[in-house]
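Peer 1: Build me a structure from this.
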Amino acid sequence: MKKIYLYLFLSFNFLSSFAHEGMWIPLLLEQLNEKDMKNMGMRISADDIYSVNHSSLKDAVVLFGGGCSAAIVSDQGLLLTNHHCGYGSIQRQSSINHDYLTDGFWAQRLEEELPNPGITVTLLIRMEDVTQKVLEGVQPSFTEAKRAEITGKNMDRLEKEAENGTHYKARIKPFYYGNQYLLFITEVFSDIRLVGAPPSNIGKFGGDTDNWMWPRHTGDFSVFRIYAGKDNQPAEYSKENVPYTPKKHMPVSLKGVQEGDFTFVFGYPGSTQEYIPSFGVDMTANVENPPSIMLRRERLNIYETAMNQDKLVRLQYAAKDAGVANYWKKMIGETRGVNRLNAIAKKQQQEKEFITWANSTPELKVKYGKLIPAFEQVYKEITPLNLATDYVIEAGLGVEIIKYAYGFDKLVNLSKNEKTTQETLDKAIENYRNSAEGFFKNYSQDIDKKVFAKLLSMYYSGLDKNLQPSILDEANKKYHGDFNKWAEDVFNKSVFASKDKILVFLKSYKKSRVKKIENDPAFALAKGIYGYYLESLKPKTFGWEGTLDSLQRIYMQGLMEWQPKRLFYPDANSTLRVSYGKVEGYHPQDAVTYNWFSTLDGIMEKENPDIYDYKVEPKLKQLYQSKDFGDYADADGKMHVGFVASNHTTGGNSGSPVLNADGQLIGLNFDRCWEGTMSDLTYDPDQCRNITLDIRYCLFIIDKFAGDKRLIEEMTLVK
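Peer 2: Numbering: from 1, shown residues only. Okay, the predicted model is just below:
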């Protein structure tokens, strides 16, 4: 008994050092976090952050697109998010004649704001705990399949009931691996227009070299606007739509921040796995990440060589390169961080202590005694399957022609179905024509051919042959190991290799020509790779993932029972969360200390006209030299660019508003420091820092650099 008491004492004191860890549910802030937040300096209430009885800050933060966050900053639906969140939209609006990525874009009137088909903004109306309703009818004796069947039916029913008679969307999501369920009622807007974006030399300053790093000098913001129907409700794009009037917009602070100030991040973090066992951390960090890093690096080498030689290619591949590079660098930092922290050994120690507790009574032994060995066995089975799946995604579908060709599987199925009408077929063909225009606008056959040869060669040589699609071995034998020759053959013969070929093919397409698609070498390769995944890998992986989910749910329940006084936060799952901490620098390594803020001085120090990512805009240099910072300079006289704080963030938090103790906007979250990228798996309070764009630098660029004062005048500024 003394040993158990001693462990609990040490455990609670250990946990108390993680004051800044966690992504918390806004609905529960008053119960769980408000006291702690106020002790750290917050001056507003939990009700000011989340309320359904009156307007609150939750009404001014949105899910932007499918994976970013944004802040509403005016009573006319003006949005601020990251430049990298708007990057794809800016790139699609760009051309050689109107290169908004390179030159920036600033609408001077509402009429000049550009529509972005496919981009949505999701606004939370309310959330509700529906755990009891979802678990209604579930018995402890049920199998996992039976449990999933009942909870699935209950969720479908509850979602339909919530949506009935409204224009709202309803979605129930599990928390704590199915130990809790919350219902989210949302409003989705689809008329989102580009208002402004700085040149990439500001919005992406430092490029991939500085990505995930501190100190940072990137003006990572872009400006959009929500449009609605005249009834202020969501509406499809129309010239008759008007700017949306929100229930709440965020006041913008010009006061800046100081070291030690309380801050909180309000946004939509994507995914974390803080409670998985040691086997899962090891699989991610040391089995899956290394080959994915190598495959992405090879693709980046090919992209970047071509981009440096051709302006059009740079425009075509800018968004693709950024997307590949972002997670490539994150995985490197994640693996380094896990191993530096000795996180796997720490998890193993926790598991040993959990087993001791689980075996301390007959009742606990029945519930939890076999959990850790069961985890070990499942991870032994699923790890090679996940590795093989990573190769499908990173190597197979990393080749653009393979991914594009596989999209024609739907046309094959329609053509083979006797019930398919000519009208249905014609509509599908028209959709394929339209998609071809978009695909080939940003495509280089020469680049893709090199990627094809390199990645498929690595696929064949880097993975156990028993985990590969047979088409790779067949091609290796046919071409005697010459993957360049294979690439030449495929691209010469495939109708999917150029826009002209595919449009000619579609123009005369009839059902009887379906064999032409099936026999196409690119389509056959796509079917060989993706078919292997669907028929061999996915069914096995799906089965083991189901077992893992059930084990993780029971393990989560066990952890909570084992440590009843610990305040557990749920893993991120793309739902609205609050994380909070303080402005503070950090010590990444021996004899190195990073300050908590960066300034425009650092941009000038990094300037290198010979490197694309470090070119400085002439007007920005002029403003710097004349110290023409307007109302946006700090009290120290410098133009602050960014700052770091100890808020727990992850992917999806990009564009999240960062607020001060009074609930005023002080910045936009846009990154994490590299030393803390393992925070999706394990948290280190000494190294985990979120990187925030100082809102004053954002306003400075809009006002003094771009001269778009109408946007400044829309906002509510607090001096």
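
Peer 1: Quick check: can you list the domain ranges of this protein?
Peer 2: As given by automatic domain parsing, the domain ranges for the chain are 2-120+190-271+574-669+689-718, 278-556.

Peer 1: show me what contacts the nearest residue to Gly651 once chain neighbours are set aside?
Peer 2: Closest residue in space to Gly651, ignoring its immediate chain neighbours: Gly270 at 4.3 Å, by Cβ to Cβ, 6 or more residues apart in numbering. From N, CA and C alone the C-beta is placed, and that goes for glycine too. Neighbour list for Gly270: 67, 572-574, 650-653 [criterion: Cβ atoms under 8 Å, 6 or more residues apart in numbering].

Peer 1: if I've got this straight, Gly270 is in a helix?
Peer 2: No - under DSSP: H, G, I helix; E, B strand; the rest coil, Gly270 sits outside any helix and is assigned coil.

Peer 1: For whichever helix or strand Met560 is part of, give me every contacting residue.
Peer 2: Met560 is located in helix 538-562, with elements delineated by DSSP states H and E. Counting contacts by Cβ under 8 Å, 6+ apart, the residues outside helix 538-562 that touch it are 144, 148, 176-179, 275-277, 354, 357-358, 367-368, 371, 374-375, 378-379, 381-382, 385-386, 389, 566, 568.

Peer 1: Can you give me the buried ones in that helix?
Peer 2: 538, 541, 544, 547-548, 550-559, 562 (16 or more other Cβ atoms under 10 Å).

Peer 1: Next secondary structure element downstream of the lengthiest helix in the chain?
Peer 2: Criterion DSSP state H: the longest helix present in the chain is helix 311-340. The C-terminal neighbour of helix 311-340 among helices and strands, as given by DSSP H and E, is helix 343-358.

Peer 1: what angle do that following helix and helix 538-562 make?
Peer 2: 60 degrees (axes from the mean of the first three to the mean of the last three Cα atoms, to 10 degrees).

Peer 1: Tell me, how many residues neighbour the residue lying closest to Thr389 once chain neighbours are set aside?
Peer 2: Leaving out its chain neighbours, the residue that sits closest to Thr389 by Cβ to Cβ, 6+ apart is Leu537, at 5.5 Å. By other Cβ atoms under 10 Å, 19 other residues sit near Leu537.

Peer 1: Which strands or helices does whatever helix or strand Lys501 lives in pack on?
Peer 2: Using DSSP H and E, Lys501 sits within helix 499-507. For helix 499-507, the contact count by 3 or more Cβ pairs under 8 Å, 6 or more residues apart in numbering; DSSP states H and E identifies helix 422-441 as packing neighbours.

Peer 1: hang on, the earlier thing: among the domains of the chain, which is the most enclosed?
Peer 2: domain 2-120+190-271+574-669+689-718 (a mean of 19; mean count of other Cβ atoms under 10 Å).

Peer 1: I'd like the mean pLDDT over that one, please.
Peer 2: For domain 2-120+190-271+574-669+689-718, mean pLDDT rounds to 93.

Peer 1: pretty sure Val188 is in a helix, no?
Peer 2: No - assessed with three-state DSSP, Val188 is strand; it does not lie in a helix.

Peer 1: my guess is it meets Pro234, correct?
Peer 2: Yes - counting by Cβ atoms under 8 Å, Pro234 is a contact partner of Val188 at 5.9 Å.

Peer 1: Next one: the residue nearest to Thr389 from Arg710, what distance?
Peer 2: Leu537 is 54 Å from Arg710, where distance means Cβ to Cβ, to the nearest Å.

Peer 1: same check, this time on Tyr391
Peer 2: Remark: distance between Tyr391 and Arg710 (Cβ to Cβ) = 51 Å.

Peer 1: next one: Pro115
Peer 2: Using Cβ to Cβ, Pro115 is found at 19 Å from Arg710.

Peer 1: all strands for the stretch 351-500 of the chain, in order.
Peer 2: For the stretch 351-500 of the chain, no strands are identified by DSSP state E, counting those that start in this stretch.

Peer 1: Val188: neighbouring residues, count only.
Peer 2: Count around Val188 with other Cβ under 10 Å applied: 14.

Peer 1: Tell me which residues touch it, please.
Peer 2: Val188 touches 120-123, 169, 234, counting by Cβ under 8 Å, 6+ apart.

Peer 1: how does it look with 10 Å?
Peer 2: 62-63, 120-123, 167-169, 234 (Cβ atoms under 10 Å, 6 or more residues apart in numbering).

Peer 1: Report whether the expected contact of Phe523 with Ile471 is present.
Peer 2: No - in this structure Phe523 lies outside contact range of Ile471 using Cβ atoms under 10 Å: 11.6 Å.

Peer 1: ok, the residue nearest to Thr389 touching Pro469?
Peer 2: Yes - between Leu537 and Pro469 there is a contact at 9.4 Å, judged by Cβ under 10 Å.

Peer 1: hmm, back to that, what's downstream of the helix holding Lys501, the next helix or strand?
Peer 2: Counting by DSSP H and E, the element after helix 499-507 in chain order, helix or strand, is helix 514-518.

Peer 1: Check which helices and strands that next one sits against.
Peer 2: helix 409-416, helix 521-532 (3 or more Cβ pairs under 10 Å, 6 or more residues apart in numbering; DSSP states H and E).

Peer 1: Same list, the ones you listed, but as CSV with distance to Phe262 and mean pLDDT please.
Peer 2: Converted to CSV, the helices and strands packed on helix 514-518 look like this (distance: least, Cβ to Cβ, whole Å; pLDDT from 0 to 100):
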stretch, distance to Phe262, mean pLDDT
helix 409-416, 52, 96
helix 521-532, 49, 97
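
Peer 1: Nice, that's everything, thank you.
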